[in-house]
Each structure stands twice: as structure tokens, then as C-alpha cells.
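1. What follows is a protein structure lacking sequence information:
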């Protein structure tokens, strides 16, 4: 009875989308901060290769956050 | 002539409700950014108002749910919608006066359901829509926000745990400009649509729109303006904020709470679930606090939110039903709604005047 009333599929999709977006974006942003922090630390200790790698990881993570936000808004506007 | 006058009153009342919704919810939307130092109050409030305005334009799924899936538009009249709005406004006013945190959204839906039942009986209520699209999501969404924020902050601390605190705090504060903006956008899109839905329902009931019509552009635009103005105005009365009332948080917690809240509200909005944005935001805040330390959350405040949440639907429904009964004493014309509007305005002025004398209340009701 309840299963027929509750829009189970849409509810699960909401739960999945919110979990992936909420946790995923926070993880990626944290990775961006980690990359930036490591870049600064490693640059100070003259480990340029490692610093560049960490910086790239950070930049990619921030870019992924920006992409996720833009995609999210585009999806919202298309229904 | 009478029906047109009632429609004008309904639209004006709905927009007033939308304004108060933004007014009440400013604290919820900007508190986290302000309390962590991510943004100055003036900037946070202006930004939130702008994004609430923009958010109102990005979807109409929730408006469709409110207009078509909660009560049967075929048997509803503009007076029923009006009585429901008065039920919602009255409950918001009561909870604001006593400093109880409650949901404007639940009050709105409760008010409309209550007046519809009083006017037509339980046949007017679409049980599937009410349970499946309102009540179940109302329970799931705050819990989801709590869990998402809790997991997110746990992961964040693991990822950045060994970094210098300065760069971490600065990073998350910058991040909060984005997460706070998304939260304001999410708030605007879910909450403004409830007003659009109610106005659309009244227009359908008044024979101005067909039963399957979407909200007209002027309805969307006016709801957007009302919630944005309300958000902007509400910011100037914030004394204590939701963020600091429930938990003292750092920038990482603020980011994860706002991110979780925005994700839950935007995902729900996409599927047409009209949520209490207040409860979702508070769920996120509590989740990010509880993940760090359970005792960091002021569970007493959380308990008040829960009690107000339980009371809101039935209380607003009862007031909506009583208001409908009162308007019918004066027949089916515009006299009843006009008298009720005058009485409501008098009560609002009296409540504000008394509150001003006693001191400003803590933020109360919300989306």
C-alpha cells in the first residue's frame, strides 16, 4: 500500500543524487584544498615535481567541483 | 466581480506569504556563512537575495506538485486557497511570536489541506500526493541532509587533516561562497515555487487557467521578487542565527552542511518534492556537528525543531479550516476574505508592535 503511494523510484533517485552530490563535491573540494596545501608546502621545501603533481591534483579537483555545480544547475533547468 | 476580488486578495496574500518566507529564512540561508566568517553579513544577505531570485526561475516541478498533487483543483475555490494561506500565515506568526522554529512550507500545505477538508471533505485531498510527495519526503529529507553532511565532514577531515589550519580554513571559507550560493539558489527554487503553486491553484480554481496549466510567467516573476525582497529585508533583523544556535562550527563544517543542504533541496526540487528547507538546512548543520562531536549539537534546540515540525501541519490545517468556516458565515462573496484580511493585518501589526516593545525574537519559522 505504502509502496504504491510513495514515489519509490523518484525518492531513491533523490537520495542517490543528494548523496553523490553532497559527499562527492565536499570530497573533491577537500582534495582541492589538500592539493593547494601540499603545493605550497612542497614548493617551500624545493620539491618542485611533487609540488607540481599536488598542484595539478588540486586544480583538477577544483575543476571537477565547478563542473559538478554547472551540471547540477543545467539538470535542474531541464525539467 | 466578487470572484476577481477574491483572486486579487489570494494573489496578494500569497505574495505576502512568500515575502515572509524569505524574511524568516534569511537566517537559515546565511547563518552558516556569517558564523564561520566566510562572508560579511551585508554581502551574504545581498548574495542570498539575488540567488533566491534567480533560483525561482530554474524549475516549476514543485509548483506543479503544490497546484495539482495535494488537493483536487477541480473542487477547490479561491476562498479555500485564501483560508489555507491565512492558516499558514497565522501559524508562522504564532511560532515567530513564541520563538518556535517551524516550517513555512508545511504550514502552507497544512493550511490548504485543512481549509479544503473543511469546505469539501476528505475527498478534496489527494492522499497519494500528500503522503508520497509531501509527508514521506518531509521525513526523509532532513535525515538525508544529516547523514550526507556527517559523512562529508568525516571525509573532509580525513583529506585535509594534516594540512596547516590556516590554508584549510581559508579554503573552506572561499568554498562557502559557492556552497552558500547554492543553498540560496536551492532555497529560492523550492520555496518560491510553493507560492507559485498556490497562486496557480487559485487561478485554476477561479477559472483563469486550465487544470493542467503551468504557472504563468508573471506568477513566477512576482514570486521571485517577493522571496528575494523578503530575504533581503529579513537579514537586517538577525540577532541570533541558526548556525550558532544549534552548533558552533568551523568553515569545513559550514561547507559540508551547506553542500548537503543544497544537494538535498536541489535533488528534491528536481523531482517535485516540496520540502521544508529549514529542516533540511538544520539537518545538515546537525549532521556536520554530530560527526565531529555528538555533544557539540544543542539537542534541546533540535528537539524544539522536531516538536514544531510535528505540530505545524495539523495546527495550520486547523487554522485554515476555522478560517474557511469563518469566511462562509458571510456567504460565498468577497466580504468574508476582506474581513479576514483586515483582521489578519491588525493581528500582524499588533504582534510586531508588541514584539518591538519586548525585544526582537530569535528567528523562528522557515521554509
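-> Thanks, I have the structure now. Keep in mind that this is a model prediction, so the values were computed, not measured.
2. Any part of stretch B:267-276 near chain A?
-> Yes - residues of stretch B:267-276 are located near chain A by Cβ under 8 Å from any Cβ of the partner chain, namely B:267-273. The C-beta positions use only the backbone N, C-alpha and C, and glycine is treated the same way.
3. Can you say which two of those residues are spatially most distant?
-> When the residues of stretch B:267-276 next to chain A are compared pair by pair using Cβ to Cβ, the two farthest from each other are B:267 and B:272, 11.1 Å apart.
4. now for the helix or strand harbouring residue B:357, which elements pack on it?
-> Residue B:357 is part of helix B:335-358, with elements assigned from DSSP states H and E. Judged by 3 or more Cβ pairs under 8 Å, 6 or more residues apart in numbering or on different chains; DSSP states H and E, helix B:335-358 is in contact with helix B:2-35, helix B:78-98, helix B:299-329.
5. Helix or strand with the lowest mean pLDDT in chain A?
-> Of the helices and strands making up chain A, the lowest-confidence element is helix A:2-5, at a mean of 55, by mean pLDDT, DSSP states H and E.
6. going on from that one, what's the next piece of helix or strand?
-> Moving on from helix A:2-5 towards the C-terminus, the next helix or strand you reach (DSSP H and E) is helix A:8-44.
7. tell me the most buried of the helices and strands packed on helix B:335-358?
-> Most buried of the helices and strands packed on helix B:335-358 by mean neighbour count (mean count of other Cβ atoms under 10 Å in any protein chain shown) is helix B:78-98; its value is a mean of 27.
8. Can you list the strands that whatever helix or strand comes next after it pairs with?
-> Moving toward the C-terminus from helix B:78-98, the next helix or strand (DSSP H and E) is strand B:102-103. Paired neighbours of strand B:102-103 in the sheet (DSSP bridges): strand B:365-366 (parallel).
9. just for chain B, where's the confidence low?
-> Scanning chain B for pLDDT under 70 picks out B:1, B:101, B:235-247, B:295-297, B:358-367.
10. In it, which residue sits furthest out from the middle?
-> For chain B, the residue at maximal distance from the C-alpha centroid (Cα atoms, centre = their mean) is residue B:162, at 39.0 Å.
11. contacting residues around residue B:142?
-> Residues counted as contacts of residue B:142 (Cβ atoms under 8 Å, 6 or more residues apart in numbering or on different chains) are B:276, B:279-280, B:282-283.
12. again, but for residue B:176
-> Under the criterion of Cβ under 8 Å, 6+ apart, the contact partners of residue B:176 comprise B:32-33, B:36, B:38-39, B:251, B:254-255, B:258.
13. Look up how far residue B:121 lies from the nearest residue to residue B:62 once chain neighbours are set aside.
-> Counting by Cβ to Cβ, 6 or more residues apart in numbering or on different chains, the nearest residue to residue B:62 once its immediate chain neighbours are dropped is residue B:193, at 3.8 Å. Applying Cβ to Cβ, to the nearest Å, the value for residue B:193 to residue B:121 is 28 Å.
14. Who has more neighbours out of these two?
-> Between residue B:193 and residue B:121, counting by other Cβ atoms under 10 Å in any protein chain shown, residue B:193 is the more crowded of the two (32 against 10).
15. what's in contact with stretch A:38-58?
-> Contacts for stretch A:38-58 (Cβ under 8 Å, 6+ apart): A:31-36, B:163-164, B:167.
16. buried ones in that stretch?
-> A:38-42, A:51, A:54-55, A:57-58 (16 or more other Cβ atoms under 10 Å in any protein chain shown).
17. Show the average pLDDT along it.
-> When the per-residue pLDDT values of stretch A:38-58 are averaged, the result is 93.
18. from the middle of its chain, how far away would it be?
-> Taking Cα atoms, centre = their mean, to the nearest Å, one finds stretch A:38-58 lying 21 Å from the centre of the chain it belongs to.
19. would you list the contacts of residue B:176 in JSON lines and tack on distance to chain A?
-> Output for the contacts of residue B:176, formatted as JSON lines (distance: Cβ to the nearest Cβ, whole Å):
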{"residue": "B:32", "distance to chain A": "14"}
{"residue": "B:33", "distance to chain A": "15"}
{"residue": "B:36", "distance to chain A": "15"}
{"residue": "B:38", "distance to chain A": "13"}
{"residue": "B:39", "distance to chain A": "17"}
{"residue": "B:251", "distance to chain A": "10"}
{"residue": "B:254", "distance to chain A": "11"}
{"residue": "B:255", "distance to chain A": "7"}
{"residue": "B:258", "distance to chain A": "10"}
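20. Of the residues you listed, which is the nearest to residue A:22?
-> Closest approach between the contacts of residue B:176 and residue A:22, by Cβ to Cβ: residue B:258, at 9.7 Å.
21. my guess is the closest one meets residue B:184, correct?
-> No - shown here, residue B:258 and residue B:184 do not form a contact pair, counting by Cβ atoms under 8 Å, at 9.4 Å.
22. the more surrounded of the two?
-> Using other Cβ under 10 Å, the more surrounded residue of residue B:258 and residue B:184 is residue B:258, with 34 against 30.
23. which ones are touching the more buried one?
-> The neighbourhood of residue B:258, defined by Cβ under 8 Å, 6+ apart, consists of B:32-33, B:176, B:179-180, B:182-183, B:281, B:284.
24. Please look at residue B:21 and residue B:228 and confirm they touch.
-> No - counting by Cβ under 8 Å, no contact exists between residue B:21 and residue B:228, whose distance comes to 11.1 Å.
25. Torsion angles phi and psi at residue B:213?
-> Dihedral pair for residue B:213: phi -70, psi 150, per degrees, to the nearest 10.
26. Look up how far residue B:120 lies from residue B:75.
-> Plainly put, residue B:75 is 5 Å away from residue B:120 if you go by Cβ to Cβ.
27. Of the two, give the one with the bigger neighbour count.
-> residue B:120 (17 against 14).
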